[in-house]
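Enquirer: sequence isn't available, so here's the structure alone:
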């Protein structure tokens, strides 16, 4: 989902180490931030410089309710992940500043989570051992940095059996305040039999939101069986409908789009199109040719890659979509 090099989408992770020192810290961290609002905006924050505006977490606008730190990466231990702050690429941003900024965002009611995977990510959770390593390593990162949860953005696929085990194990360790988000590609959510969709349904009781990536995608089927092309309001609404009718609660569905044309290889839509799709799904207004059979007023909201590309465009995306999401009733 992310862009590791200008113009090329990638959700590669960054490497680091986190040794847990306080066994009670994770539960406190996961539960410390205010609950994710009923209608929320998610933004991915780049822990690297790829030509988008370089930011500290403190630079991320208040319109963002969930900030996904991008990214964690695999280690040599199967299933385990780790994290390194790219201080050199982020103009000398220090770990102490980063941790302090996480706390400050949480004090403002925001959730800061760690994103795992991506187009070039190599994390694989496909056994009991790797599932345990995945959960244990994420728990350590929560303890070390104070993250509120995790985002699953494994573009090389997931094994629903073992990813479900891993996330349930993490939830048991971190407590009920844990935020769990997912960012599957469009192909991953075309059917309830797809592994990503099965994972989402398998953790439905602890899942916060699925922000599918409605970009870098070919044409896809909508819930009415018709084919829709990316870059339109119909693409957003007809594909969201599959998730909404496939078993996810409306509060667990978000619309993921690039913050600017530079943020994705294809599929960018203007903020006005995002807002129209939100209105179509929640209120039945501003629809294109596709109009859902019913409305979903509890729809969670929207996501963007990335807060950095948003900043490069003068925060045009968040300043338009943020208030609209927060104004949904």
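Expert: Received, thanks. Everything quoted here is computed from the prediction, not taken from an experiment.
Enquirer: hey, let's count contacts and neighbours off CA atoms from now on
Expert: Fine.
Enquirer: strands along the stretch 201-329 of the chain, start to end?
Expert: 209-213, 220-221, 227-228, 253-258, 301-305 (DSSP state E, counting those that start in this stretch).
Enquirer: I'd say residue 230 and residue 214 touch.
Expert: Yes. Under the criterion of Cα atoms under 8 Å, residue 230 makes contact with residue 214 at 7.0 Å.
Enquirer: show me the shaky parts of the stretch 151-300 of the chain.
Expert: Across the stretch 151-300 of the chain, nothing is flagged by pLDDT under 70.
Enquirer: what do you get if the cut-off is 90, keeping everything else the same?
Expert: Low-confidence segments of the stretch 151-300 of the chain, defined by pLDDT under 90: 155-157.
Enquirer: how about the helices in it?
Expert: 160-174, 195-202, 233-245, 271-283 (DSSP state H, counting those that start in this stretch).
Enquirer: skipping adjacent residues, who's closest to residue 164 in space?
Expert: residue 199 (5.8 Å; Cα to Cα, 6 or more residues apart in numbering).
Enquirer: pull the contacting residues for that neighbour.
Expert: For residue 199, the contacting residues are 159, 160, 161, 163, 164, by Cα atoms under 8 Å, 6 or more residues apart in numbering.
Enquirer: now render those residues as JSON lines, adding distance to residue 79 and neighbour count.
Expert: Below are those laid out as JSON lines (distance: Cα to Cα, whole Å; neighbours: other Cα atoms under 10 Å):
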{"residue": "159", "distance to residue 79": "12", "neighbour count": "16"}
{"residue": "160", "distance to residue 79": "14", "neighbour count": "21"}
{"residue": "161", "distance to residue 79": "14", "neighbour count": "17"}
{"residue": "163", "distance to residue 79": "10", "neighbour count": "29"}
{"residue": "164", "distance to residue 79": "13", "neighbour count": "20"}
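Enquirer: flag every buried residue along the longest helix that the chain contains.
Expert: Across the chain, the longest stretch assigned as helix under DSSP state H is helix 128-145. Within helix 128-145, the residues scored as buried using 16 or more other Cα atoms under 10 Å are 130-145.
Enquirer: also stretch 243-262?
Expert: 243-244, 246, 248-260, 262.
Enquirer: same deal with stretch 207-220?
Expert: Neighbour-count burial for stretch 207-220, counted by 16+ other Cα under 10 Å, picks out 207, 208, 209, 210, 211, 212, 213, 214, 215, 216, 217, 220.
Enquirer: ok, so of the buried residues of helix 128-145, who is nearest residue 58?
Expert: Using Cα to Cα, residue 145 comes nearest to residue 58 of the buried residues of helix 128-145, at 15.1 Å.
Enquirer: phi, psi of the closest residue to that closest one other than its chain neighbours?
Expert: Leaving aside its sequence neighbours, residue 145 sits nearest to residue 99 (Cα to Cα, 6+ apart; 5.8 Å). Residue 99 has phi and psi values of phi -60, psi -40 when expressed as degrees, to the nearest 10.
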